[in-house]
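Colleague: With the sequence up front, the predicted model follows.
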Amino acid sequence: QNLCPTHPEVVRLATERALEALRKNPDAELISISKNDIRGVCQCDRCRALNEREGSPSAGPLTLVNAVAEAVAKDHPDVLVSTLAYHDTVQPPKTLRPAKNVVIRLCTDTCMWRHPYRPAMETEGFRNALTGWAAVHDKIGIWDYSVHFGNYMQPWPSFHAITENLRAYAQNNVVGVMIQGAYQSPGNERELMRSWVFAKLLWDPNRECWPLMQDFIHGYYGAAAAPIESYNQMLYQAGLANKGIDEIPDFLAKSQTLFAEAKRLAEGDEELAPRVDLASLPILQWELARDVAVFNTGKTSDAERLRLRGLLDAFAEAAARHGIRSVSERDTVAKWCGKIRRMLSDPAPARLQPVSVGQAKAVVYQLSSTWKFRKDDADEGQGKRWFQPTFGDGDWSSYRTDLGVGWEKQGSKGDGVGWFRKTVR
């Protein structure tokens, strides 16, 4: 939970801890006093009345920050106090203003998580927040996102959106920007090019993004640059249209062809070949994740299972070769590969299993792990008598109970009602 920011003891303790930290770190130029990384603010009578009066849940936390900032200013006049405008605290209060030595670090979670290919200023809530803070304060920091936390490697056409974001920040009293990528290990999709291009744009946000991307591609990939430029151009154009890779026709096949050519051009070059290999890894991982989902509908062959196991081995070896330890914010490479291996394992067969019931001995017939499954989005199963033993379920998908995942990971999407069938002889 978040602490009560208006409680006198919280204010006293936060001030003491901040001053103590600055005494131990005399070269520090900034200290952060921020809410926790969760939604919700204190609901005590005092905080609730303040936030309601100011029209924003940011009023309570800003009260604490200003109190700490006042004490910091006396002993450390050159130190800035940063606080997150994040989740509930994005919008500024009506009348309460940040102290002069406070930096409001506004996060783009309200827009860049849900709409990663769309410039932040096209989202009304964020636009109002940035222009609102800029109207009352001259020190705004930004916490932006250029990452898919659910899959660090997924091709992510957000270059143009971040470029437009940086231009908007420059016009709205922003004094610093952090663009977050994967933070547990290397492996964020096109992370080296992102770092280089965004660094150039931070120095001069009026530069054009695509020429910078081309500059990096030709400087870094050398003889193999042409197909990699075509691959990036495909992603860049999709991003401009606010489209993800699922909306690019034949994306996987086109990408595989381009990287096969890039690998041919880099073959034998000890410097270029590993670079191209790393650049191609998101395509291998994407193919694996996509095809495993299709495989788990039960409508593909055992030969496909073997092919996918080969892809998984290739991915695991490549990730180790490049020092990649995390696939997502929650999954290490080892954990993710373990999940995929389980999905590609042979289904558990039906079997007789001896058990004890008190002093008595018995035999349990353990059903096989594979069931027929169908989502009932139209709510028609009852009327069409899907429960009848003679009902034809030949076109239904398969569902396995031994994978530890729900139907979303087995080829079906969304909440709702699902029917399961099994023939027992």
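Modeller: The structure has been received and is ready for your questions. Residues are numbered from 1 along each chain as shown.

Colleague: distance between stretch 46-58 and the chain's centre?
Modeller: Relative to its chain's centre, stretch 46-58 lies at 31 Å (C-alpha atoms, centre = their mean, to the nearest Å).

Colleague: no no, stretch 119-129
Modeller: With C-alpha atoms, centre = their mean, you get 20 Å for stretch 119-129.

Colleague: same check, this time on stretch 6-19
Modeller: So, by C-alpha atoms, centre = their mean, the centroid of stretch 6-19 is 34 Å from its chain's centroid.

Colleague: Would you point out which residue is most central in the protein?
Modeller: Note on the chain: the residue nearest the mean C-alpha position is F149, at 1.8 Å, using C-alpha atoms, centre = their mean.

Colleague: Tell me the pLDDT of it.
Modeller: Looking at F149, its pLDDT is 93.

Colleague: right, and it touches E329 too?
Modeller: Yes: using C-beta atoms under 8 Å, F149 is in contact with E329, at 4.3 Å. Where you see a C-beta, it was placed from the backbone N, CA and C, and this is true even at glycine.

Colleague: quick revisit: am I right that the residue nearest to the centre of the chain sits in a helix?
Modeller: No: counting by DSSP: H, G, I helix; E, B strand; the rest coil, F149 is not part of a helix but coil.

Colleague: so what's F259 closest to, chain neighbours aside?
Modeller: Distances taken as C-beta to C-beta, 6 or more residues apart in numbering place S280 nearest to F259, at 4.1 Å, with adjacent residues excluded.

Colleague: and the one you found, what element?
Modeller: Assigned by DSSP states H and E, S280 belongs to helix 272-295.

Colleague: ok, now how distant is R118 from D109?
Modeller: Distance of R118 to D109, given as C-beta to C-beta, to the nearest Å: 14 Å.

Colleague: got it, and K35?
Modeller: In terms of C-beta to C-beta, K35 sits 13 Å off from D109.

Colleague: Can you report how many residues neighbour F251?
Modeller: Residues within reach of F251, counting by other C-beta atoms under 10 Å, total 19.

Colleague: what's around the nearest residue to it once chain neighbours are set aside, how many residues?
Modeller: Residue nearest to F251 in three dimensions, not counting chain neighbours: I245, with 4.9 Å by C-beta to C-beta, 6+ apart. Number of residues near I245 (other C-beta under 10 Å) recorded here: 19.

Colleague: again, but for E329
Modeller: Neighbour number of E329 under other C-beta under 10 Å is 14.

Colleague: How about the secondary structure of it?
Modeller: E329 - assigned by three-state DSSP - is coil.

Colleague: who touches it in this structure?
Modeller: 149-150, 152, 184 (C-beta atoms under 8 Å, 6 or more residues apart in numbering).

Colleague: Contacts only, for the residue nearest to F259.
Modeller: S280 makes contact with 259, 262-263, according to C-beta under 8 Å, 6+ apart.

Colleague: 10 Å - rerun?
Modeller: By C-beta atoms under 10 Å, 6 or more residues apart in numbering, S280 lies in contact with 228, 231, 255-256, 258-260, 262-263, 318.

Colleague: isn't the residue nearest to the centre of the chain right next to W113, touching?
Modeller: Yes: using C-beta atoms under 10 Å, F149 is in contact with W113, at 8.0 Å.

Colleague: Mind listing the strands the helix-or-strand element of the chain with minimal mean pLDDT pairs with, and their directions?
Modeller: Scoring the helices and strands of the chain by mean pLDDT, DSSP states H and E places strand 397-400 at the bottom, with a mean of 88. The pairing partners recorded for strand 397-400 under DSSP bridges are strand 370-375 (antiparallel).

Colleague: Below-threshold pLDDT in the protein: ranges please.
Modeller: By pLDDT under 70, the low-scoring segments of the chain are 296-300.

Colleague: All the helices of it, in order from the start?
Modeller: 8-24, 45-54, 59-75, 124-136, 159-170, 191-203, 209-221, 225-240, 251-266, 272-295, 302-321, 333-343 (DSSP state H).

Colleague: Give the other helices and strands that the shortest one contacts.
Modeller: The elements that helix 45-54 packs onto, with contact taken as 3 or more C-beta pairs under 10 Å, 6 or more residues apart in numbering; DSSP states H and E, are helix 59-75.

Colleague: Between helix 8-24 and the helix it packs on, find me the angle.
Modeller: 40 degrees (axes from the mean of the first three to the mean of the last three C-alpha atoms, to 10 degrees).
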